[in-house]
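**Student:** Just to be clear, the model below is a prediction. Sequence and coordinates:
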Amino acid sequence: MSPMLNVSRRAFIRGMFSTGALVLCASMAPETLFAQGNGDVTGAAGPIFRPNLFVAIETDGTVRIVAHRSEMGTGIRTSLPIVLADELDADWKRVRIDQAIGDQRYGSQNTDGSHSIRSFFDTMRECGATARLMLLRAAAQQWNVRPQECEASLHAIVHRATGRKLGYGQLAAAASKLAVPDRSEIEFKPAKQWRYIGKWIQGYDIRDICAGKPIFGMDARVDGMLYASIERPPVLGGKVKSLDDKEALTVSGVRRTVPIPPFTPPCAFQPLGGVAVIADNTWAAFQGRQKLKIDWDDGPNADYDSGKYKAELRETSRKPGKPARIAGDVEAEFAKGGKIVEAEYYVPLLAHASMEPPVALADVRGDKVTVWAPTQNPQEVQEAIAGEMGIASENVTCYVTLLGGGFGRKSKPDYAVEAALLSKAAGRPVKLVWTREDDIRFGYYNSVAAMYMKAALGSSGLPTAWLQRSTFPPIASTFDENAVYGGAGALGQGWTDIPFNIANLRVENGPAKAHVRIGWLRSVANIYHAFGVQTFADELAHQAGRDPLDYMLDLIGPPRTIDLRDAGYGNYGASPEQYPLDTGRLRRVLEIAAEKSGWGKRKPGGGTGWGLAVHRSFVTYVATVVQVEVSDKGEIKIPRVDTAVDAGTIVNPQFVKAQFEGAAVFGTSVARTGEITASDGAVDQSNFHDYPVARMAEAPYETNVYIVESTAPPGGVGEPGVPPFVPALCNAVYAATGIRVRDLPLAKTNLARPAAKAA
Amino acid sequence: MIRLKVNGIERSFGGDPQMPLLWYLRDEMGLMGAKYGCGVGLCGACTVLQGGKAIRSCVITMSAAAGTDVTTIEGISAKGSHPVQEAWIRLNVPQCGYCQAGQIMQAIALLSSNRKPSDEDIDKAMMGNICRCGTYQRIRAAIKAAAEESA
């Protein structure tokens, strides 16, 4: 980060703030960029404030903080401003949050990978502490006292000796004239003085949400806009062979159709092609689309069949693959004989199915584009539209609405590009609405994966050798259609970083070609890798005749840090010094979850069972115990989940708990019913009847979240709850029924007891 | 011409009588509280009240809505202060929030016919409303809290 800038005067001149406001800019890029282009923009609701990464203090005392990350339900739009407000010692009731537009001056805005707090915690503190020191100096100057005699006290500076007090609003004008202190001059509050960090704070938007205010991308409106819906090629890489739109054009409210050209491989974030219907309202666009008569050329993926593909993936997994991590010599150990255990696991393609399907409103005027979108990555919206239309990315203004769920889908901006192309064609603002069917059929799916595991058990019942191979079409295939091996990122999600204390260990990856768009979904490769590793560990515990908790603790081994830099392990982009893989923290969450769940106190049987799993992802440690009840007919209920989380320093425990409660539900959907299949190249599922997600009675009845108190630097919380939940549930099913689930989703395994099966 | 009442005010509509009520509310009236989630009555994001009963506005055509009295989330309280909304806020129910207007409308319908719903009653009433963020545990608690409040 470059030094903090005092831009009060410039911001005032541009009319962004009132005269005398103190405005600081913590630009991630040089000041020259800031000086160039920060004009006001006129949007749907009149002039729209277009801020940079500011904290601004108005003369009336209002503190305005910019949220530059996207809000999709994690609470980040509240949490990062909380950090700044705390360090500023601002009164939270007087804070106003402004959502940033897409702008590379913020650094990464890609709200993805559970790292917003990790990456911006210190930036926010620096902004807050700098502003606080300037206010303090302004007060000291007015009182003609030394700054050391003064202190911040909830939205005011006080002079300790005399008790004199000046509010932040009263000091803003004077502070705005001061030079910005050097970073070496600012001091962070000690953690024990934190006013908001670590406390329960309500989400900034909760009242608007509960009142049904128009705050989501789906709700965006501008005058004179039209509505559009697109019929896309059912198979990836398909093209329109012939189009008859006569009947579509007779639908009342339909204005025209617009062909969208097929993409040039690789697909990346380009539109898939097809035919759009533009109409006066959403319904007319949907109706017109149904009347299109299109013959498709299905292209190179027309033969893709997910059933055959599954068999191929499994076959590949049985053969030697590309090594990702090697310790000792597994083959030599296997050759010694003794007890060998082998197992294969499978996790299908998964769709995001956020409640708000992809949607974007675009207004193209000449070579300038304005777009309103529920996006996790507004800068990628700018880049992708600019690339498609041959304009500079600075010419694309992206307003970020609230997201009706994201889960990784909305960091891919294909839908915003489609909207921009249609607005250009129509010469009017166009809102493009994806139907639920579009969302399910044209996703960037979480990869399907097959895994092969093999272990030799020694006399203690613990493995002396462990071999694991995973085969999956990689995310890289979306950006390079020839990519077939998992990258370090995907393999670093629960595969190369397997944290077990085993002398002979071999981690491999096999090749697989993609036939659909592969993307990232909440916790990504951790979903299948944790399922393979944590289910196999449970299988070995039972093979060894041991309690799964004790066995897992032995597998993890003594508290230590594991350095995997030699294996190309990326550690989620975090420094291995600051965020080492610490088996002590892994053990601790497991012990806490087990104890809180009453592990071992009740015996499984009569259809009830408990399962556990522990996993580190996004530099956060999570252990989960799931209790399951399986009826005679094989129906599953989840009465209780106990999850222990060590995510280091926590900003808002209320949001953290919510994320892990939600992860248990998301994990339930993955485990029970999550499966995308394809026939003749086209995805078979289309809506919630054939891609079911967990409903209230199917979700865990009670999820208890235990947050480990920690002063370690902050880790992620949005994703890490999902990976351990899935194997914990399946391990619980085994404890309850004796049926081992190795292929997801669970719904494909008949869990009915023999008596019920016969009946 | 189709006539109906929306949030207590008489309205008329001269467009396609097959248009679902949802799109009339959103595109024609600009009432954005009811959400599009599936278009086929499977997710509940579009839930509004018709004569006090919860319905899926994405599958009720304008001709079926003719002559009825429709209440959307915008019409249940002046400042978002309905006891169910207050319970939702107190218990920090929403995550992304997209489904919550539908959840709240469904919960209001439940509590108007059952002042003290059991877990089973809540499950049954709320099964049609999907929350992909997984706020069900808090929804259940908020319904119970709202029931207590009005008891």
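**Tutor:** Arrived safely.

**Student:** Show the contacting residues for A:Gly75.
**Tutor:** When contacts are counted by CB atoms under 8 Å, 6 or more residues apart in numbering or on different chains, A:Gly75 touches A:Gly203, A:Asn652, A:Gln654, A:Phe655, A:Ala658, B:Gln95. From N, CA and C alone the C-beta is placed, and that goes for glycine too.

**Student:** Between those, which sits nearest A:Pro473?
**Tutor:** Here the nearest of those to A:Pro473, counting by CB to CB, is B:Gln95; it sits at 30.2 Å.

**Student:** Quick check: the closest one vs chain A, distance?
**Tutor:** B:Gln95 sits 3 Å away from chain A, going by CB to the nearest CB, to the nearest Å.

**Student:** Could you look up the SS state of A:Val693?
**Tutor:** Under the three-state scheme (DSSP: H, G, I helix; E, B strand; the rest coil), A:Val693 adopts coil.

**Student:** Walk me through the domains of the chain.
**Tutor:** Let's take chain A. Domain ranges of chain A: A:5-203, A:217-300+A:358-433, A:306-350+A:444-755, per automatic domain parsing.

**Student:** that's the wrong chain, I meant chain B
**Tutor:** According to automatic domain parsing, chain B comprises the domains B:2-75, B:83-150.

**Student:** and the ones you listed, which is most packed in?
**Tutor:** Highest mean neighbour count of the domains of chain B: domain B:83-150, a mean of 22 (counted as mean count of other CB atoms under 10 Å in any protein chain shown).

**Student:** Need the distance between the two termini of it.
**Tutor:** One end of domain B:83-150 sits 8 Å from the other (CA to CA, to the nearest Å).

**Student:** if I pick the residue nearest in space to the middle of chain B, what's in contact with it?
**Tutor:** Closest to where the C-alpha atoms of chain B average out (CA atoms, centre = their mean) is B:Met105, at 3.0 Å. Listed by CB under 8 Å, 6+ apart, the contact partners of B:Met105 are B:Ala34, B:Thr47, B:Val48, B:Leu49, B:Ala54, B:Thr72, B:Ile73, B:Ile76.

**Student:** show me which of these neighbour chain A.
**Tutor:** Filtering these for neighbours of chain A using CB under 8 Å from any CB of the partner chain leaves B:Ala34, B:Thr72, B:Ile73.

**Student:** Return the subset of the contacts of A:Gly75 lying in helices.
**Tutor:** Counting by DSSP state H, the part of the contacts of A:Gly75 found in helices is A:Gln654, A:Phe655, A:Ala658.

**Student:** Wait, the first one touches A:Tyr196, no?
**Tutor:** No: here A:Gln654 lies out of contact with A:Tyr196, judged by CB atoms under 8 Å, at a distance of 11.4 Å.

**Student:** between those two, who's got more neighbours?
**Tutor:** Per other CB atoms under 10 Å in any protein chain shown, whichever of A:Gln654 and A:Tyr196 has more neighbours is A:Tyr196, with 22 against 18.

**Student:** Tell me which helix or strand the nearest residue to A:Met451 once chain neighbours are set aside sits in.
**Tutor:** Nearest residue to A:Met451, sequence neighbours excluded (CB to CB, 6 or more residues apart in numbering or on different chains): A:Gly532, at 3.8 Å. Assessed by DSSP states H and E, A:Gly532 sits inside helix A:525-543.

**Student:** Report all helices and strands that that helix contacts.
**Tutor:** strand A:339-347, strand A:449-457, strand A:463-471, helix A:488-491, helix A:548-556, strand A:608-617, helix A:722-737 (3 or more CB pairs under 8 Å, 6 or more residues apart in numbering or on different chains; DSSP states H and E).

**Student:** so that helix versus helix A:548-556, what angle?
**Tutor:** 110 degrees (axes from the mean of the first three to the mean of the last three CA atoms, to 10 degrees).

**Student:** Flag every buried residue along helix A:525-543.
**Tutor:** A:525-542 (16 or more other CB atoms under 10 Å in any protein chain shown).

**Student:** Please identify the deepest-packed of the helices and strands packed on helix A:525-543.
**Tutor:** helix A:722-737 (a mean of 28).

**Student:** can you pull the alpha-carbon coordinates of it into PDB?
**Tutor:** What follows is helix A:722-737, C-alpha atoms only, in PDB (Å, rounded to 0.1, in the frame of the first residue of the first chain):
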ATOM      1  CA  VAL A 722     -18.200 -26.700   4.000                       C
ATOM      2  CA  PRO A 723     -15.400 -29.200   3.500                       C
ATOM      3  CA  PRO A 724     -15.500 -31.100   6.900                       C
ATOM      4  CA  PHE A 725     -19.300 -31.100   7.000                       C
ATOM      5  CA  VAL A 726     -19.700 -33.500   4.000                       C
ATOM      6  CA  PRO A 727     -17.500 -36.300   5.300                       C
ATOM      7  CA  ALA A 728     -18.600 -35.900   8.900                       C
ATOM      8  CA  LEU A 729     -22.200 -36.500   7.700                       C
ATOM      9  CA  CYS A 730     -21.200 -39.500   5.600                       C
ATOM     10  CA  ASN A 731     -19.200 -40.900   8.500                       C
ATOM     11  CA  ALA A 732     -22.200 -40.400  10.800                       C
ATOM     12  CA  VAL A 733     -24.300 -42.300   8.200                       C
ATOM     13  CA  TYR A 734     -21.800 -45.200   8.500                       C
ATOM     14  CA  ALA A 735     -22.000 -45.100  12.300                       C
ATOM     15  CA  ALA A 736     -25.800 -45.200  12.100                       C
ATOM     16  CA  THR A 737     -26.200 -47.800   9.400                       C
END
